[in-house]
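>>> following is a predicted model, sequence given first.
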Amino acid sequence: MTSGTARLLRRLSRGRPQRRREGSSAVEFAMLALPFFFMMMCIIEIAFVFVLDSVLENATIESGRLLRTGQGDLSDFSDTRFRDELCERMSIFEGDCDDKITIDVRVIPQFSNPDLPDPMSGGSFSAAGLGYDNGNPGSLMLVRAWYRHRLFTPFLEQGLSRLGDGYAYLSATTAFRNEPY
């Protein structure tokens, strides 16, 4: 018997012929890499949205303090100046905050159940009905801010975009009584 025949008989006697396993790890990695990296991108984007929401909330509270203490009224604040103050407090993330932020500052008659326009009703974002008012000493004030953040992970657009336009609209609200200044 030749050596080639003996080798063939040994393989057949073991049951199945041996398979080559080189490259199987690369194929398994390729099958798992795309879902893994997609999941990691989703986690990173959701974390960024949470941090951005926290920064927006703090910026709204701190900017509202300028109105509460009378600094806004004494400095003749307008909606543009208030927006600039708010964006300055959010500058850790965005340089083009002015284009992405919408504000509504108004005097309210009472803290419970104020009748407010909802800019997100009707399936699109509309700033109609929103305004700006510094109020007077002792006025009950409501400060609302909406920040439009573009989502970059494809399937998160469907879950986080309330209006279906690929943006997550983050909102922050604070209510207070102006101090007697």
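Nice, thanks for sending it over.

>>> ranges for the helices of this protein?
Secondary structure of the chain, counting by DSSP state H: helices at 3-13, 24-68, 71-74, 79-89, 97-100, 154-160.

>>> the ones you listed into TSV, with extra columns for distance to Leu142 and mean pLDDT?
(C-beta placed from N, C-alpha, C; glycine too.) Shown next, in TSV, are these (distance: least, CB to CB, whole Å; pLDDT from 0 to 100):
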stretch	distance to Leu142	mean pLDDT
helix 3-13	82	69
helix 24-68	9	91
helix 71-74	14	82
helix 79-89	13	91
helix 97-100	21	85
helix 154-160	25	74
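
>>> for those helices, which one sits closest to Phe176?
helix 24-68 (4.9 Å; CB to CB).

>>> how far does the closest one sit from the chain's center?
8 Å (CA atoms, centre = their mean, to the nearest Å).

>>> show me what it is packed up against.
Applying 3 or more CB pairs under 8 Å, 6 or more residues apart in numbering; DSSP states H and E, one finds that helix 24-68 contacts helix 79-89, strand 140-150, helix 154-160, strand 167-177.

>>> swap in 6 Å and give it another go.
helix 79-89, strand 140-150, strand 167-177 (3 or more CB pairs under 6 Å, 6 or more residues apart in numbering; DSSP states H and E).

>>> residues in contact with the first one?
Same thing as helix 79-89. Where contact means CB atoms under 6 Å, 6 or more residues apart in numbering, the residues beyond helix 79-89 that reach it are Ala59, Glu62, Ser63, Cys97, Asp98, Ile103, Tyr132.
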